[in-house]
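In: Need coordinates for the following:
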Amino acid sequence: MGGTNFWGGTKEDRVFLAPSIDDRILEVVAVFGTIQMAASRLINLQHHRIAQCTTVQINIMGDEGVPIQVDGEAWVQPPGMIRIIHKNRMKMLCRNKALELSLKSWEEKQKQIKHQSKRTHSQSLCRFTPLSQDEWTILKEFLEATKNLIELIREILLKQKLFKGDDAKKLTDTINDNVKKISIIEQETKEKESRSVATDIVLSTKRLHEETLTMIRNAGNVFDGKFVVKLSLAFSRLEIELKKCLISSKDSEGDYDSSSCYVYFLNNAYESDKLCRKGQFWQKLWKTNIVSPKPLSQDISNWSIVEVGIWLESLQLGEYTEVFANNDIRGKELLNLSRRDLKEIGMTKVGHLKRILMAVKELGTINEDH
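Out: Numbering: from 1, shown residues only. Reported below is the predicted structural model:
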């Protein structure tokens, strides 16, 4: 059986041993003719196992030859006596699946390490790529929107003492950190470090944006309608600028580490959305994750009156922000708004009514999916 075994079984039983590579054992099998032997490679035909041994002596009687197969070799033996002795002493290689899996795992690990080091190097190069003239223009608009929001937060939320204790301290620390980073880039920053500093500012502003909205949401109804209008305008303006920022990171979700991220500034939100869908050349080259900002909370039922105001600004219906705030319309109430409710709060323009009702319907679908 030391080789290809055409006719013997593949399992061990009471009489026969299981086939093994280079076991120096021959297996004798009876067949019915040369045609059956030839067809054995294609279909499983009937056969009879006779014996397993190291030496076989066969006496062929009569006048007709007999078909014989030994270790895959078949021929017709003429009458007489033949003796078959197993003399194979060659060391044969066998397949070791455990070794194959181990080797494959090691190769994949080496590729992963090589790819990661190349990607880290590429990301470090991207962080030190200078900002173009167009990007500088967009960054300046972004800084103006950020400073406008910071001034309003200080004027409305901190001076009016609407936030107290740990919330006020946390918000103050975030603002101070943001102002410090803005002052760095407004000074004479080295050209090669400009993208790195801009990335830090965008991430810090994004964190300030999210923390402030969360605190407003948890504060309850403590805001005057005029304050809500101002805050909604500031947040809406900042969100427009945030949509022009593409944050590329090796982490697809969670908090972004400024050391592993870099930002690109695009001329408008349409280009940003388009590139997020298709992927830029550097995304395909380095396989990083492009993260588009999602400022508003996906849990619409928990929106604050400020977030409702931001939503109205996005519909270009900011003139109703104060009305919605004075009527304490939050996310939960917004999802249940009807035409009758809108008329009761003073909305009379048919176009505005239809636009808001259609947008509310879309919000309801998003909220159900969430």
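
In: Every contact and neighbour count from this point should use C-alpha atoms.
Out: Will do.

In: Name the helix or strand of this protein that has the lowest mean pLDDT.
Out: helix 281-286 (a mean of 36; mean pLDDT, DSSP states H and E).

In: where are the low-confidence patches of the stretch 51-200 of the chain?
Out: By pLDDT under 70, the low-scoring segments of the stretch 51-200 of the chain are 70-71, 87-95, 115-128, 158-165, 188-193.

In: now the strands: where do they sit in this structure?
Out: 26-30, 48-53, 55-60, 66-70, 73-77, 80-85, 245-249, 261-265, 289-291 (DSSP state E).

In: Helices of the stretch 101-250 of the chain, residue ranges please.
Out: Under the criterion DSSP state H, counting those that start in this stretch, the stretch 101-250 of the chain carries helices at the ranges 133-152, 166-186, 194-219, 225-242.

In: Out of those, which is the most enclosed?
Out: Mean neighbour count (mean count of other Cα atoms under 10 Å) peaks for helix 225-242 among those, with a mean of 21.

In: Using PDB, write out the CA atom coordinates for it.
Out: Coordinates of each C-alpha in helix 225-242 appear next as PDB, following Å, rounded to 0.1, in the frame of the first residue of the first chain:
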ATOM      1  CA  GLY A 225     -36.600  82.000  23.000                       C
ATOM      2  CA  LYS A 226     -34.200  84.700  21.900                       C
ATOM      3  CA  PHE A 227     -31.200  82.700  23.300                       C
ATOM      4  CA  VAL A 228     -32.400  79.600  21.500                       C
ATOM      5  CA  VAL A 229     -32.500  81.500  18.200                       C
ATOM      6  CA  LYS A 230     -28.900  82.800  18.700                       C
ATOM      7  CA  LEU A 231     -27.600  79.300  19.700                       C
ATOM      8  CA  SER A 232     -29.400  77.600  16.800                       C
ATOM      9  CA  LEU A 233     -27.900  80.000  14.300                       C
ATOM     10  CA  ALA A 234     -24.400  79.500  15.800                       C
ATOM     11  CA  PHE A 235     -24.700  75.700  15.900                       C
ATOM     12  CA  SER A 236     -26.100  75.600  12.400                       C
ATOM     13  CA  ARG A 237     -23.300  77.700  11.000                       C
ATOM     14  CA  LEU A 238     -20.700  75.500  12.600                       C
ATOM     15  CA  GLU A 239     -22.300  72.400  11.300                       C
ATOM     16  CA  ILE A 240     -22.200  73.700   7.800                       C
ATOM     17  CA  GLU A 241     -18.400  74.200   8.300                       C
ATOM     18  CA  LEU A 242     -18.000  70.800   9.900                       C
END
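
In: Same list (the strands of the chain) but as a markdown table, adding distance to residue 356.
Out: Converted to a markdown table, the strands of the chain look like this (distance: least, Cα to Cα, whole Å):
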| stretch | distance to residue 356 |
| --- | --- |
| strand 26-30 | 86 |
| strand 48-53 | 85 |
| strand 55-60 | 95 |
| strand 66-70 | 87 |
| strand 73-77 | 85 |
| strand 80-85 | 94 |
| strand 245-249 | 28 |
| strand 261-265 | 31 |
| strand 289-291 | 29 |
